[in-house]
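*Asks:* Sequence and predicted structure, then a few things I'm wondering about:
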Amino acid sequence: MGILEEASERPRDDADVRVGRRVRALRLERKLSLADLAARAGVSIGALSQIERGLSSLRVRVIWPLAAALDIEPSALITDGNDAANDLYCVRANSRRPIPVKSEGIAKALLSPPGATLTGILVTVEAGGGTAEAYAHAGHEFGFVLSGEVQLVVDSTKYVLKAGDSFAFKSTLLHAFRNPGAERCQILWVNTTKPSGIRDGA
């Protein structure tokens with residue numbers, strides 16, 4: 001019986017599964033392939049794959065080089081699995097990561113987990129706030145106005161949207177937005193482009 005056969009027959013431990021998901025989430029967040037991380041940590045691709053799938057426990061001798069390869073403290077790999085800051089599928093409300101913006105009065109928080117195909121963003125626009133200039137980038141986007149009011153300009157066409165309104169357009173069209181109202185506006189915004197690939201005029 002081979003090693004992989006033994007691993008597949010071994011019941012997956014919940015703690016191993018959580019650690020494996022954390023390792024995979026951190027790897028995807030850093031845009032590393034299995035081969036890249038395995039080479040950096042000095043482990044085999046097969047061993048790393050088994051760790052990520054929860055089929056193998058994270059051994060002490062692997063924790064340090066793996067943490068170094070991910071540029072994190074070793075404790076970040078073995079903390080309680082209930083800490084979902086680096087979960088592969090979910091983002092807790094208190095674990096949202098801010099996305100840097102250029103303009104005053106705009107804040108963006110990343111809602112989607114590492115490796116997600118779609119990028120979900122919570123956009124908060126203070127009264128009078130808005131993009132510094134119109135911008136465009138690759139992909140498509142969709143938005144739903146959660147509260148307040150937003151003035152959206154897409155390809156020179158102006159729209160005034162309020163809570164409950166939604167929109168969608170190709171990201172290659174020049175677009176800009178601002179809050180013309182007296183109250184804070186919040187928008188659930190979804191992009192098919194990763195934050196690092198968006199030339200964000202905000």
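*Replies:* Received the coordinates, thanks.

*Asks:* quick one: low-confidence parts of this structure?
*Replies:* Residue ranges of the chain with pLDDT under 70: 1-13, 75, 78-88, 195-202.

*Asks:* Helices of that one, start to end?
*Replies:* Secondary structure of the chain (DSSP state H): helices located at 3-9, 14-29, 34-41, 45-52, 60-70, 75-78.

*Asks:* Any chance of TSV for the ones you listed, columns mean neighbour count and distance to residue 168?
*Replies:* Where you see a C-beta, it was placed from the backbone N, CA and C, and this is true even at glycine. Written out in TSV, the entries for the helices of the chain read as follows (neighbours: other C-beta atoms under 10 Å; distance: least, C-beta to C-beta, whole Å):
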stretch	mean neighbour count	distance to residue 168
helix 3-9	11	43
helix 14-29	20	26
helix 34-41	17	34
helix 45-52	19	34
helix 60-70	16	36
helix 75-78	14	37
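
*Asks:* Of all the ones you listed, which one comes closest to residue 132?
*Replies:* helix 14-29 (27.8 Å; C-beta to C-beta).

*Asks:* what packs against that closest one?
*Replies:* The criterion is 3 or more C-beta pairs under 8 Å, 6 or more residues apart in numbering; DSSP states H and E, and the helices and strands that helix 14-29 contacts are helix 45-52, helix 60-70, helix 75-78.

*Asks:* if I look at residue 32, how far off is residue 74?
*Replies:* According to C-beta to C-beta, to the nearest Å, residue 32 stands 18 Å off from residue 74.
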